[in-house]
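J.: no FASTA, just this:
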């Protein structure tokens, strides 16, 4: 599952967990892998120094963002450090439940790349779900609920794959532009669709 920032992907993920899914959340794994003392944390500090370490010894995420946000080379360096470790951990957690009949949802914010394709290392999944919302609504949500300025919110949205690219890569699109009640109905339809995947292999 993927979706643009501010689309409400976490809300959809929580709804799927309520319906019985096991969630493997890339963002949560990133935070775990960037904890002080981990190989990823040490590699990041080796690259950027103590300026990315907060007074309490944890990773200063705002400092990292300031370094990589508008610098393609530094962003690539960060991705080279973080992405392989995250994928390895996600695949290990997936393997741990492979012999069960559980529905497993991988929550991957950057599943669709800047060219509009699902990243090659994840193309063997049963299906790709995209949580979709109008970018203007996403900006409003980021400002209202996550404390972003409008300028920062728009910049974050612009740095990701476009709405059209994500929808093009999707096997199923969840419309999260309406009310909570409307989303709940969307989730019921999504859950039914996920259940149908066991009956028809993905081409």
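T.: Cool, the structure landed. Bear in mind the structure is a predicted one, so any value in this text is a computation, not a measurement.

J.: mind checking the SS state of the residue located most distally from the centre of the chain?
T.: Relative to the mean C-alpha coordinate of the chain, counting by C-alpha atoms, centre = their mean, the farthest residue is residue 55 (27.8 Å). Here residue 55 is recorded as coil under DSSP: H, G, I helix; E, B strand; the rest coil.

J.: can you check the pLDDT for it?
T.: The model reports residue 55 with a pLDDT of 96.

J.: distance check, it against residue 63.
T.: 12 Å (C-beta to C-beta, to the nearest Å). (Glycine included, C-beta is placed from N, CA and C.)

J.: for residue 107, same thing?
T.: 25 Å.

J.: which of these two has more neighbours?
T.: Each of residue 107 and residue 63 has its neighbours counted (other C-beta atoms under 10 Å); residue 107 has more, 23 against 15.

J.: which residue packs closest to the more buried one, ignoring adjacent ones?
T.: residue 25 (4.5 Å; C-beta to C-beta, 6 or more residues apart in numbering).

J.: and the one you found, what are its phi and psi?
T.: Phi and psi for residue 25, reported as degrees, to the nearest 10, are phi -100, psi 110.

J.: my guess is it contacts residue 104, does it?
T.: No - with contacts counted by C-beta atoms under 8 Å, residue 25 stays clear of residue 104, the gap being 11.5 Å.

J.: who's more crowded, these two?
T.: For residue 25 and residue 104, the more surrounded residue by other C-beta under 10 Å is residue 25, and the numbers stand at 21 against 16.

J.: going by neighbour count, which residues of the longest helix along the chain are buried?
T.: Counting by DSSP state H, the longest helix found in the chain is helix 72-96. Within helix 72-96, the residues that count as buried by 16 or more other C-beta atoms under 10 Å are 77-78, 81-82, 85-87, 89-90, 93.
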